[in-house]
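**Student:** Turn this into a structure:
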Amino acid sequence: MWFKALFAASMCLLAVQSTPGPSVLVKDNSGGSPVIVIGFLGGFVRHDDPIRSEVQLAARLRKDFTTEAVVETFENHNGAKAHQKILAVLDADHDGTLSPTERKNARIILYGHSWGGAEVIIEARHLEKAGIPVVLTIQVDSVDKNGQGDEVVPPNVAQAVNFYQSDGLLRGESDIRAADLDRTRILGNFKFHYEGSAYRCANYPWYNHLFMRAHTQIECDPKVWNQVESLIRANIVPRDTHDGK
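**Tutor:** Numbers count the residues shown, from 1 in each chain. Next comes the predicted model:
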């Protein structure tokens with residue numbers, strides 16, 4: 001559509017009110033393998049851009065889970081690189097292949113904004129083909145990439161959640177659904193509103209302000225990212241570990 005073309009063109013220049021949050025189904029991580037957390041950036045944003053919520057979240061997780069998790073961020077067009085990173089971490093015995101046990105023990109969380117949200121689903125599909133399960137996918141104002149689709153969550157994903165807005169020209173996917181309801185729990189599609197709200201995304205490029213104001217606001221909205229972070233943390237450390245403190 002024309003506004004998605006406008007989004008792509010504008011990004012090339014450089015290369016609320018919310019509903020209640022989701023309840024999380026925590027998956028046990030007592031098997032000992034590290035949780036792999038992969039974040040995908042939107043547009044043509046660098047994987048290490050420090051003003052982006054995705055990058056800031058990854059930094060906090062690395063600091064707090066030095067042994068429990070492997071946390072990386074990638075540009076959405078570097079999905080192949082992210083996939084190879086996942087395979088390398090899962091290959092515990094470093095023999096170049098994944099055994100059934102290494103696949104079964106996988107604890108993978110994928111999150112992303114905009115095209116990064118779409119890349120979350122694309123990577124989940126690649127992992128499905130490889131027989132690798134995914135604990136959780138999180139899409140934030142996910143925007144379809146090249147007609148590949150970002151609304152159907154593949155059956156290797158245990159749980160999925162979607163945060164979106166519909167106030168601007170560029171709007172995220174509003175209704176993700178499971179390919180197999182018996183295998184995937186959709187935690188919810190949560191809508192945020194930014195019409196008439198103050199724009200507080202400091203240091204973002206000028207074209208974000210001009211062309212994709214609301215789409216940018218959801219990326220820098222702490223109410224959204226606090227929920228994203230809580231979901232990820234809950235799936236790194238099981239709930240009974242927190243309760244036992």
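**Student:** rest of the way, CA atoms for contacts and neighbours
**Tutor:** Noted.
**Student:** quick one: least confident helix or strand in the chain?
**Tutor:** Lowest on mean pLDDT, DSSP states H and E among the helices and strands of the chain sits strand 17-18, with a mean of 38.
**Student:** ok, and the closest non-adjacent residue to Ala58?
**Tutor:** Val71 (6.2 Å; CA to CA, 6 or more residues apart in numbering).
**Student:** Okay, and the beta partners of His193?
**Tutor:** Here His193 sits in beta bridges with Gln17, as judged by DSSP bridges.
**Student:** again, but for Val35
**Tutor:** The partner residues for Val35, given DSSP bridges, come to Ala69.
**Student:** Tell me how many other residues crowd it.
**Tutor:** 25 (other CA atoms under 10 Å).
**Student:** Give the full set of residues in contact with it.
**Tutor:** Applying CA atoms under 8 Å, 6 or more residues apart in numbering, we find Val35 in contact with 29, 68-70, 106-109, 236.
**Student:** Kindly provide the distance from Tyr164 to Thr101.
**Tutor:** Distance, Tyr164 to Thr101, using CA to CA, to the nearest Å: 36 Å.
**Student:** More neighbours: which of the two?
**Tutor:** Tyr164 (28 against 10).
**Student:** send the alpha carbons of the host helix or strand of the more buried one over as PDB?
**Tutor:** According to DSSP states H and E, Tyr164 maps onto strand 157-165. Presented in PDB, the C-alpha positions along strand 157-165 are these (Å, rounded to 0.1, in the frame of the first residue of the first chain):
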ATOM      1  CA  VAL A 157       5.600 -21.300  18.900                       C
ATOM      2  CA  ALA A 158       4.200 -22.000  22.400                       C
ATOM      3  CA  GLN A 159       2.900 -18.400  23.000                       C
ATOM      4  CA  ALA A 160       2.700 -15.200  21.100                       C
ATOM      5  CA  VAL A 161       1.600 -11.600  21.800                       C
ATOM      6  CA  ASN A 162       1.000  -8.600  19.600                       C
ATOM      7  CA  PHE A 163       1.100  -4.900  20.500                       C
ATOM      8  CA  TYR A 164      -0.200  -2.400  17.900                       C
ATOM      9  CA  GLN A 165      -1.600   1.100  17.200                       C
END
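**Student:** How far off centre is the helix or strand just after that strand?
**Tutor:** Using DSSP H and E, the helix or strand that directly follows strand 157-165 along the chain is strand 177-178. Taking CA atoms, centre = their mean, to the nearest Å, the mean C-alpha location of strand 177-178 is offset from the chain mean by 16 Å.
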